[in-house]
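**Student:** Quick one, fold the following:
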Amino acid sequence: MSQSQAAPQVAQTQVTHLPVATRQVGRLAQSLMAMTLGLFIVGVVGFSHIDVIHNAAHDVRHSNAFPCH
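**Tutor:** Numbering: from 1, shown residues only. Sure thing, here's the model as predicted:
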């Protein structure tokens, strides 16, 4: 081959498979964030002194059969 007819280069890719433990950590982090958000909504918003926010949270808790009294 001459200099002007260089062979095309082939791109090489590498696939990395994550272990199962990494996926479990992701699920755990998502679960903890969901629980934190839920506790924030029930605890902070539900016990708010602003009547509109408190009444909205109160009605939602009753509709979901969540004891609040």
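
**Student:** Select the longest helix from this structure.
**Tutor:** helix 20-39 (DSSP state H).

**Student:** residues making contact with that one?
**Tutor:** Contacts of helix 20-39 with the rest of the structure, by CB atoms under 8 Å, 6 or more residues apart in numbering, involve no residue at all. Any C-beta I mention is one placed from the backbone N, CA and C, and that applies to glycine too.

**Student:** Do me a favour and average the pLDDT over that helix.
**Tutor:** On average, the pLDDT along helix 20-39 is 83.

**Student:** which element follows that helix toward the C-terminus?
**Tutor:** helix 51-63 (DSSP states H and E).

**Student:** From residue 57, how far off is residue 43?
**Tutor:** When distances are taken as CB to CB, to the nearest Å, residue 43 and residue 57 turn out to be 10 Å apart.

**Student:** quick one: which of these two has more around it?
**Tutor:** When residue 43 is set against residue 57 and neighbours are counted by other CB atoms under 10 Å, the residue ahead is residue 57, at 20 against 11.

**Student:** OK, contacts around that one?
**Tutor:** Residue 57 makes contact with 41, 42, 45, 46, 48, according to CB under 8 Å, 6+ apart.

**Student:** ok, for the first one, nearest residue in space, not its chain neighbours?
**Tutor:** Taking CB to CB, 6 or more residues apart in numbering, and ignoring the residues beside it in sequence, residue 41 has residue 57 as its nearest neighbour in space, at 7.3 Å.

**Student:** per-residue confidence for the one you found?
**Tutor:** The predicted structure scores residue 57 at 75 on the pLDDT scale.

**Student:** mind checking the SS state of residue 10?
**Tutor:** Per DSSP: H, G, I helix; E, B strand; the rest coil, the local secondary structure of residue 10 is coil.

**Student:** Now do it: how many residues are near it, please.
**Tutor:** When counting by other CB under 10 Å, one arrives at 5 neighbours for residue 10.

**Student:** Fine, thanks again, bye for now.
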